[in-house]
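[1] take a look and give me a structure for this.
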Amino acid sequence: MKKIKFVFWKDQDKWLGYLEEYPDYWTEGDTLEELKENLKDIYKDLTGGHIPYARKVAELEVV
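    Residues are numbered from 1 along each chain as shown. Purely as a prediction, here's the structure:
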């Protein structure tokens with residue numbers, strides 16, 4: 001099982017969030033659990049090639 005980080009917050013009556021690795025792709029849920037499920041679905045779509053030209057955050061080591 002792989003663990004990925006996500007950012008989330010509550011805005012009035014909705015939970016909003018995005019995957020830290022893919023900050024352009026937000027989703028929402030009525031509950032925190034629903035938000036987590038929606039984030040899992042987005043992750044599957046992004047890593048499965050279903051979203052073309054998906055932008056991603058990565059690290060670059062420089063000297």
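
[2] how about the helices of this protein, start to end?
    32-47 (DSSP state H).

[3] show me how far the longest strand along the chain is from its chain's centre.
    In the chain, with assignment by DSSP state E, the single longest strand is strand 22-29. Relative to its chain's centre, strand 22-29 lies at 5 Å (Cα atoms, centre = their mean, to the nearest Å).

[4] and the pLDDT for the residue minimising distance to the centre of the chain?
    Note on the chain: the residue nearest the mean C-alpha position is residue 19, at 2.4 Å, using Cα atoms, centre = their mean. Residue 19 is assigned a pLDDT of 97 by the prediction.

[5] please apply the same query to residue 2.
    89.

[6] count of neighbours near it?
    Neighbours of residue 2 under the rule other Cβ atoms under 10 Å: 5. C-beta: built from backbone N, CA, C; applies to glycine.

[7] one more: residue 29?
    Residue 29 has 17 nearby residues by other Cβ under 10 Å.

[8] report the beta-bridge partners for it.
    residue 15 (DSSP bridges).

[9] that one reaches residue 41, doesn't it?
    No: using Cβ atoms under 8 Å, residue 29 is not in contact with residue 41; the gap is 10.8 Å.
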